[in-house]
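Colleague: With the input below, show me the fold.
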Amino acid sequence: MVCSLERRGPVRRRIQVMADALQERHPEADLVFVEPSVDVPHALVRGAGLHLAPEVVAEGAPHPGQHRWLVRPRKWLPRVVSPGADRRAARRLVRTVGSLGVTGPVVWINDAHAAPVVDLVAWPALYDVTDDWLHASVAPRQRRRLALADSALVARCDAVVVCSPALAATRGATRTVDVVPNGVDLSAYRRPLRRPADLPAGPLALYVGTLHEDRLDVDLCVRTAAALDGAPLVLVGPDSLGHASRRRLEEAGNIVLAGPRPYSDVPDFLRSADVVVVPHVVTPFTESLDPIKAYECAAAGRPTVATPVAGFRELGPPVEVAGADVYPGRVGALVAEARRSGPAPARPLPVAGWDERVDAFDAVLTRVRTGRGVAP
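Modeller: This is a model prediction of the structure:
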């Protein structure tokens, strides 16, 4: 049973890639994938309340006899007016899993809000930490709640997996943790290139990733776009920006908000870019990450300019690191070079694939399932 911070869908990130690959490897394994709770009051405000998806959906599994269920819990009241909401949600989830005929699953927790599940049942549990949300831009009340849940999971789970050295330092201060970094689908970067039809013609700079103020430096994007001499800066990915940030990007003139694209299309977008840009903010939150896009940029082999954030500093050419003061000029120079001489040849870097990472994660899950998890 996977308690995910992300919804299942065409924009696939680490936990969905890992969970699907593990079920593919184990024909005897069923999968219950639990999405973040649907905020019903918020959906009603947006006019989407009458279109709520079913809470449990049976999906196709890779092997005959296997099952795969998607669970979409519902949150009827904000936590601030409903003390104990996470514990009640955990009870409902345990009942839902029981109604599916699943007994004694391994609980794989990525969403710390699911921490009460560990208190309610004696199921083997693994805490998978992929982002340090304690350093994100959240309200103090939410940060305190997350800190309590995070501490409880670190203390009580049979194993703790982290993806970066920074997370290993914090979550490993009081117990043993397993470090399983991210990876990339190498085969997708070796297939023939199919340039996406909706990319603007001519030289361009391109970013692929979630648009969110905790990651994306909006001011740097605007300044970089101004240095491109009219060439477009294309931002591909889910838009989680606030209204003011989105408006700044839209008013720049040559910034294209292209929206999310399926995971399978990301390699073609990256390999079609004259310059890949990673204009991330440099904060304790971004330092906690092992960004998947670093692996993708290495596999794509395109000229890439990143701010000095974790995951990019050690890659080397064709990936380069630039501080915010020189960043726009460096991206502008590379786009101008592409305009004069055509796209630079691809120079892929050696990088780990997802298969290697799934091997490591599978070993930890096996320890947990068989009762050989590392004690805190």
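
Colleague: Can you give the contact residues for stretch 210-230?
Modeller: For stretch 210-230, the external contacting residues (C-beta atoms under 8 Å, 6 or more residues apart in numbering) are 136-137, 205, 207, 209, 233, 235, 237-242, 245, 248-249, 252-255, 257, 277, 279-281, 283, 285-286, 307, 324, 327-329, 331-332, 335-336, 339. C-beta: built from backbone N, CA, C; applies to glycine.

Colleague: can you tell me which of the residues you listed are in strands?
Modeller: Ala205, Tyr207, Leu233, Leu235, Ile255, Leu257, Val277 (DSSP state E).

Colleague: What subset of those residues is buried?
Modeller: Ala205, Tyr207, Leu233, Leu235, Ile255, Val277 (16 or more other C-beta atoms under 10 Å).

Colleague: contacting residues for the last one?
Modeller: This points to Val277. By C-beta under 8 Å, 6+ apart, Val277 lies in contact with Ala205, Leu206, Tyr207, Thr224, Leu233, Thr304, Val305, Ala306, Val331.

Colleague: Residues contacting stretch 144-151, please?
Modeller: Contacts of stretch 144-151 (C-beta under 8 Å, 6+ apart): Arg79, Asp86, Ala112, His113, Ala115, Val129, Trp133, Leu134, Val138.

Colleague: Just among those, which is most surrounded?
Modeller: Within the contacts of stretch 144-151, most neighbours by other C-beta atoms under 10 Å means Ala115, with 25 neighbours.

Colleague: Between the contacts of stretch 144-151, which sits nearest Ala273?
Modeller: Trp133 (29.7 Å; C-beta to C-beta).

Colleague: How about that closest one, nearest residue that isn't a chain neighbour?
Modeller: In space, and not counting its chain neighbours, Trp133 is closest to Leu146: 5.6 Å by C-beta to C-beta, 6 or more residues apart in numbering.

Colleague: send the alpha carbons of the strand or helix carrying that neighbour over as PDB?
Modeller: Assessed by DSSP states H and E, Leu146 sits inside helix 140-156. What follows is helix 140-156, C-alpha atoms only, in PDB (Å, rounded to 0.1, in the frame of the first residue of the first chain):
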ATOM      1  CA  PRO A 140       3.800  27.600  10.700                       C
ATOM      2  CA  ARG A 141       0.800  25.500  11.800                       C
ATOM      3  CA  GLN A 142       1.300  23.100   8.900                       C
ATOM      4  CA  ARG A 143       5.100  22.900   9.500                       C
ATOM      5  CA  ARG A 144       4.500  22.000  13.100                       C
ATOM      6  CA  ARG A 145       2.100  19.300  12.100                       C
ATOM      7  CA  LEU A 146       4.400  17.900   9.400                       C
ATOM      8  CA  ALA A 147       7.400  17.900  11.800                       C
ATOM      9  CA  LEU A 148       5.400  15.800  14.400                       C
ATOM     10  CA  ALA A 149       4.300  13.400  11.700                       C
ATOM     11  CA  ASP A 150       7.800  13.200  10.200                       C
ATOM     12  CA  SER A 151       9.400  12.500  13.600                       C
ATOM     13  CA  ALA A 152       6.900   9.800  14.400                       C
ATOM     14  CA  LEU A 153       7.500   8.000  11.100                       C
ATOM     15  CA  VAL A 154      11.300   8.200  11.500                       C
ATOM     16  CA  ALA A 155      11.000   6.700  15.000                       C
ATOM     17  CA  ARG A 156       8.400   4.000  14.300                       C
END
